[in-house]
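A.B. asks: quick check, what structure comes out for this input:
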Amino acid sequence: MAVLILQATPATCIIGKMGASTSYEITTHMVPPRQITATTMPVIAAQVLTFGRHVAQMCPRRSFMVLVRPARGQRKPRGFDAAMRTEELNCVSWLHVTLAHPVPHADGPSVVSWGGRFTPFCLDGHDPVWPGDGPAFL
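C.D. replies: Residues are numbered from 1 along each chain as shown. From the prediction side, this is the model:
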């Protein structure tokens, strides 16, 4: 069994013409870090979701990443690095991603942020629409 530390760090992602860049405040913790024990990637992913929901409840509508690292003296479980690369651990589920240069549309405003399961959808010049708050057709 691996002992891992989960910590929530404020972060945002901007997609520009040259690619995506994520900026985060590594020294700022939104809530106290949590220690978990897990052996498989699905168990870690489920615990990251639980922790992320807790952080989102404590700091509503904030953009953040969940950082997962082994505790001092511990080894990473098998497949950990591959799961991190393919985003299987849900670490960026609460990360707000915005387009630096939204493409204008002939029918209306352009999309600034597509949103996700826990992040808002936003049109240029409009307030963000949060999951569960907006009309069902969004």
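A.B. asks: and the strands in this structure?
C.D. replies: With strands called from DSSP state E, the chain shows them at 2-16, 19-24, 34-38, 64-70, 96-99, 111-113, 122-123.
A.B. asks: which stretch among the ones you listed comes nearest residue 84?
C.D. replies: strand 64-70 (7.4 Å; CB to CB). Heads up, the C-betas are built off the backbone N, CA and C, glycines and all.
A.B. asks: rewinding a little: of all the strands of the chain, which one comes closest to residue 55?
C.D. replies: That would be strand 2-16 among the strands of the chain, by CB to CB, at 4.2 Å.
A.B. asks: between that closest one and strand 64-70, how many degrees?
C.D. replies: 140 degrees (axes from the mean of the first three to the mean of the last three CA atoms, to 10 degrees).
A.B. asks: strand 2-16 packs against which elements?
C.D. replies: strand 19-24, strand 34-38, helix 41-58, strand 64-70, strand 96-99 (3 or more CB pairs under 8 Å, 6 or more residues apart in numbering; DSSP states H and E).
A.B. asks: that strand: which residues count as buried?
C.D. replies: Within strand 2-16, the residues scored as buried using 16 or more other CB atoms under 10 Å are 2, 4, 6, 7, 8, 9, 10, 11, 12, 13, 15.
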